[in-house]
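> return atomic coordinates for the entry below.
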Amino acid sequence: MNREYLGFFGAFNPPTNAHIRLAEFALKATGAKRVLFIPSKENYIRDFQGKDRAYGDRERLEMLRLAAETRPWMEVSDVEILQESQPRTYETLCRLRDAGKDAALLVGSDKLPELAEIWAHVDEIAREFGIVVLTRGADMCARMIRESAYLTSLSPYLKILETPADTRNISSTLVRSRVAQMKELQREIGAMVPQEILDLL
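Got it, this is the predicted structure:
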């Protein structure tokens with residue numbers, strides 16, 4: 001599974017310190033040189049994944065590109081966002097390979113059940129690219145794999161990484177919730193003081 005790139009797919013809605021730290025952790029653990037952050041399309045996040053709020057495609061790309069400016073190992077790809085509809089992960093990995101960026105798939109362990117149940121072309125992804133799995137929360141990867149005949153069959157193509165504990169409870173969902181609370185608080189304060197004073201608070 002020696003690849004120069006790791007393909008980190010996700011909503012990044014918004015990107016968090018955990019995304020960046022885990023990507024760098026995976027980079028060092030696998031010996032890869034760069035991590036490709038590949039954000040999903042906004043309408044896929046909103047309509048298929050049912051997220052409570054989806055930052056726009058341009059917003060998420062800009063956030064990721066700003067983070068990448070000071071991290072030479074971090075690269076941002078708009079390959080999925082530019083497609084008319086959300087492509088399958090395998091299609092994107094093949095497109096990247098054709099462009100000279102042969103990448104292993106980097107996923108969180110919360111995606112393991114999805115690999116067994118709803119993802120398409122998982123066999124091809126595993127055999128042709130390999131899959132690096134970042135453990136999250138209390139997920140028990142070994143047990144999940146052991147209890148699934150399909151995941152067991154993929155074992156030779158999986159590299160499981162036990163991630164730092166202090167990254168496991170940071171999520172985009174929590175960030176969105178805190179941002180919403182902060183905006184509501186700003187509105188409440190704005191109703192209580194003149195705008196000129198609000199700007200100084």
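
> may I have the phi/psi pair for Phe37?
Main-chain dihedrals, Phe37, degrees, to the nearest 10: phi -90, psi 120.

> next up, the contacts around it.
Residues counted as contacts of Phe37 (Cβ atoms under 8 Å, 6 or more residues apart in numbering) are Phe8, Gly10, Phe12, Pro15, His19, Ala23, Leu64, Ala68, Met74, Glu75, Val76, Ser77. Where C-beta positions appear, they are placed from N, C-alpha and C, glycine not excepted.

> okay, and for the chain, where does confidence drop off?
The chain contains residues with pLDDT under 70 at 1, 49-52, 137-139, 166-176, 179-180, 198, 200-201.

> just give the nearest non-adjacent residue to Gln86, would you?
In space, and not counting its chain neighbours, Gln86 is closest to Tyr44: 3.9 Å by Cβ to Cβ, 6 or more residues apart in numbering.

> how many neighbours does Cys85 have?
No, residue 85 isn't Cys; it's Ser. Ser85 has 8 neighbours, counted by other Cβ atoms under 10 Å.

> for it, what are its contacts?
By Cβ under 8 Å, 6+ apart, the contact list for Ser85 reads Lys41.

> I'd guess it is in a helix, am I close?
No - applying DSSP: H, G, I helix; E, B strand; the rest coil, one finds Ser85 to be coil, outside a helix.

> could you report the distance from it to Ala29?
From Ser85 over to Ala29 the distance is 34 Å, taken as Cβ to Cβ, to the nearest Å.

> now Pro194
Distance from Pro194 to Ala29, by Cβ to Cβ: 54 Å.

> more neighbours, those two?
Shown here are Pro194 and Ala29; by other Cβ under 10 Å, Ala29 has more neighbours (15 against 8).

> that one touches Leu161, doesn't it?
Yes - Ala29 is within contact range of Leu161, at 5.2 Å (criterion: Cβ atoms under 8 Å).

> which residues do those two both contact?
Here Ala29 and Leu161 have no joint contacts, going by Cβ under 8 Å, 6+ apart.

> burial measure for Thr70, as a count.
A count of nearby residues for Thr70, using other Cβ under 10 Å, gives 7.

> wasn't it part of a helix?
No - assigned with three-state DSSP, Thr70 falls outside any helix and is coil.

> quick check: the gap between it and Arg143.
Distance, Thr70 to Arg143, using Cβ to Cβ: 38 Å.

> number of residues surrounding Ala54?
21.

> again, but for Asn2
Number of residues near Asn2 (other Cβ under 10 Å) recorded here: 9.

> isn't it up against Lys33?
No - applying Cβ under 8 Å as the test, Asn2 and Lys33 come out as separate, 10.6 Å apart.
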